[in-house]
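Student: Test case, fold it:
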Amino acid sequence: MDFPSSRALAFCAVLILLCNLLQACASSPGQATGKSVSDSLASDNLDLIFATEYPVASKDEALARAAMALRDNEVDKGLFYYVRALQFDPSDADLLARIGSIHMAQENLTLAGRAYQLALRQDPEHAAALEGMGLLYFDMNRFDEAEDMLQQAVARENRLWRSHNILGVLEDQHGNYDIAQQHYDRALEIQPDSPSVMINRGYSKFLSGDMQAAALDLYAVATRHNHPRAWRNLAMVYAKQGWYDEAIETFMEVTDDANSYNETGAIAMENGDYDAALELLNEALRLSPSFFPAAEENLAMLRKKMR
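Tutor: Numbers count the residues shown, from 1 in each chain. Just a heads-up that it's a prediction; the model follows:
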């Protein structure tokens, strides 16, 4: 039997169940109420919509159907079956963490946090749930809590490459570039050629002043994956070294000519190379088909510095 054509109705039903299920936690990802998981599972609305057409007799059957749905990219249907599986075993921390990861991927951060918190209630050392909470806190700019959770996660499972990647970002924020790059190296051992990790490592090397190594990482990602952020960061590396022609050409991979000259000119100004900056910013204005406020502002700032 086909899944109902009304995707929105199905998704609402899943959310109704998850809201009931996950009310065992408060709205803050790190807090919980006294309500048990099993008490939160009942959903008359879900039963009315799905129970007749999609009955499952066991946890294993629900998990198998969830796997099939996700393999067919039917994420909402897979989520529905995961929740049905949880009804047979409310204490399954692995399953709760999996539900949390689906919500993270769909940017349903509140539900993701509640699912991860429930998983950690069942198993306070659950590595995937610790990582999930850490990534969630990072997305919320709660960096101290993110670092604590991710450190706990890698202490329990050192192959969590996403945790190492974000720990690297956090160490870069602290100015600890050597430690940051150790985390990126570990992440790449686990997940070779990950664009996000290589871009972060390249930027870390840029921050530490190792321009040659930064350029190697960023060039590799840019050319292999045609990644816009890698092209932009690579152009910054070139411009920072005074290689303005190379920077302009590289910026042009991701933006138009006028913006390429403007961004290169702004970095030339930061370098203290005022004559080059003046030439580049004037060229940006000449190339722009309309009024270019950013270039005008940079040019005004440059004139103040030159005076």
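Student: does residue 91 sit in a helix, a strand or a coil?
Tutor: Secondary structure state of residue 91, per DSSP: H, G, I helix; E, B strand; the rest coil, is coil.
Student: same question but for residue 250, I mixed them up
Tutor: Residue 250 - assigned by three-state DSSP - is helix.
Student: neighbours around residue 120, how many?
Tutor: Per other CB atoms under 10 Å, the neighbour tally for residue 120 reads 25. For every residue, glycine as well, the C-beta is placed using N, CA and C.
Student: A helix includes it, no?
Tutor: Yes - Residue 120 sits within a helix when classified using three-state DSSP.
Student: quick one, what contacts it?
Tutor: Residues near residue 120 by CB atoms under 8 Å, 6 or more residues apart in numbering: 93, 126, 129, 130, 133.
Student: That one and residue 196: what is the separation?
Tutor: Separation of residue 120 from residue 196 (CB to CB, to the nearest Å): 25 Å.
Student: Likewise for residue 169?
Tutor: 10 Å.
Student: Give me the phi and psi angles of the closest residue to residue 274 other than its chain neighbours.
Tutor: Excluding the flanking residues, the one nearest residue 274 by CB to CB, 6 or more residues apart in numbering is residue 306, at 5.2 Å. Dihedral angles of residue 306 (phi, psi; degrees, to the nearest 10) stand at phi -70, psi -30.
Student: so residue 306 touches residue 278, yeah?
Tutor: Yes - counting by CB atoms under 8 Å, residue 306 touches residue 278, with 7.5 Å between them.
Student: Name all residues that make contact with residue 239.
Tutor: 247, 263, 264, 267, 268, 271.
Student: same thing with residue 240?
Tutor: 206, 211, 267, 271.
Student: and with 10 Å instead?
Tutor: Counting by CB atoms under 10 Å, 6 or more residues apart in numbering, residue 240 touches 206, 209, 211, 214, 247, 267, 268, 270, 271.
Student: Residue 230 now?
Tutor: Residue 230 sits in contact with 195-196, 198-199, 202-203, 217-224, 250, 253-254, where contact means CB under 10 Å, 6+ apart.
Student: Also residue 157?
Tutor: 125, 126, 127, 128, 130, 131, 163.
Student: pLDDT weak spots in the chain?
Tutor: 1-53 (pLDDT under 70).
Student: which residues in the stretch 1-150 of the chain form helices?
Tutor: Counting by DSSP state H, counting those that start in this stretch, the stretch 1-150 of the chain has helices at residues 7-22, 44-46, 59-71, 75-88, 93-105, 109-122, 127-139, 143-156.
Student: phi, psi of residue 242?
Tutor: Here residue 242 shows phi and psi, under degrees, to the nearest 10, equal to phi 80, psi 10.
Student: who's more crowded, residue 306 and residue 278?
Tutor: Comparing residue 306 with residue 278 by other CB under 10 Å, the one with more neighbours is residue 278, at 17 against 11.
Student: Of the contacts of residue 157, just say which sits nearest to residue 73.
Tutor: residue 128 (21.8 Å; CB to CB).
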